[in-house]
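Asker: Here is the input, now give the coordinates:
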Amino acid sequence: MKLLSRQNFTIIELMIVLIIIALLFILFFWLVPPLARVDMGIRSTKGRLFFAREKIKEFKNSHKRYPSSLKELERYILQDPGIAGQGYGDNFFVEGYSDPKGNTREVNILDGKGGWYYNKETGEIRVNLTKPVKYYIKFYFGKHRNEIPSEW
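Answerer: Numbers count the residues shown, from 1 in each chain. From the prediction side, this is the model:
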């Protein structure tokens, strides 16, 4: 019995290959950009924390006390000519991991429910998220996945 050699693809094989390519295309252009925005958001949050900590020191040096709240610190920050008009609006302190719309809540105890922890006695500021980033953003597998935001 003679074996038949196949030299061409069947239409089914071509359809399967096209479906796989389409799925990869969707995965790359639909899922990757939001996850890249997570990295940008984390870098932005870390930058805001660094900047806020510097401004708290500056406020303490000029007023001989720490700001009484983040709102007072925010007003102080937004008076800076280098910051005014940068598109922060009235909310310099927005945390977007516990609430996609942005959480501006200020707390004086780290409870992990989102927003910002601020101690007006010591000037300490932190993100009020006490679990790793992967807990808040399920399909994020970036380098910050196991970091705990309150430790930034």
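
Asker: shaky segments in the protein?
Answerer: By pLDDT under 70, the low-scoring segments of the chain are 1-7, 31-35, 83-91, 96, 98-101.

Asker: for it, which helix is longest?
Answerer: Longest among the helix segments of the chain by residue count, using DSSP state H, is helix 32-63.

Asker: can you map out the helices along the chain?
Answerer: Along the chain, counting by DSSP H, helices occupy 11-26, 32-63, 70-78, 133-136.

Asker: Can you say which of those is packed in most?
Answerer: When you average the neighbours per residue for each of these (mean count of other Cβ atoms under 10 Å), helix 70-78 leads with a mean of 19. For every residue, glycine as well, the C-beta is placed using N, CA and C.

Asker: And that helix, what does it pack against?
Answerer: helix 32-63, strand 116-119 (3 or more Cβ pairs under 8 Å, 6 or more residues apart in numbering; DSSP states H and E).

Asker: Adding distance to residue 73, write these out as a markdown table.
Answerer: Output for the helices and strands packed on helix 70-78, formatted as a markdown table (distance: least, Cβ to Cβ, whole Å):
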| stretch | distance to residue 73 |
| --- | --- |
| helix 32-63 | 6 |
| strand 116-119 | 8 |
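
Asker: Among these, single out whichever gets nearest to residue 149.
Answerer: helix 32-63 (7.2 Å; Cβ to Cβ).

Asker: tell me which strands and helices that closest one is in contact with?
Answerer: Using 3+ Cβ pairs under 8 Å, 6+ apart, the elements in contact with helix 32-63 are helix 70-78, strand 124-127.

Asker: quick revisit: right, and the helices of the chain - which one's nearest residue 117?
Answerer: helix 70-78 (9.7 Å).
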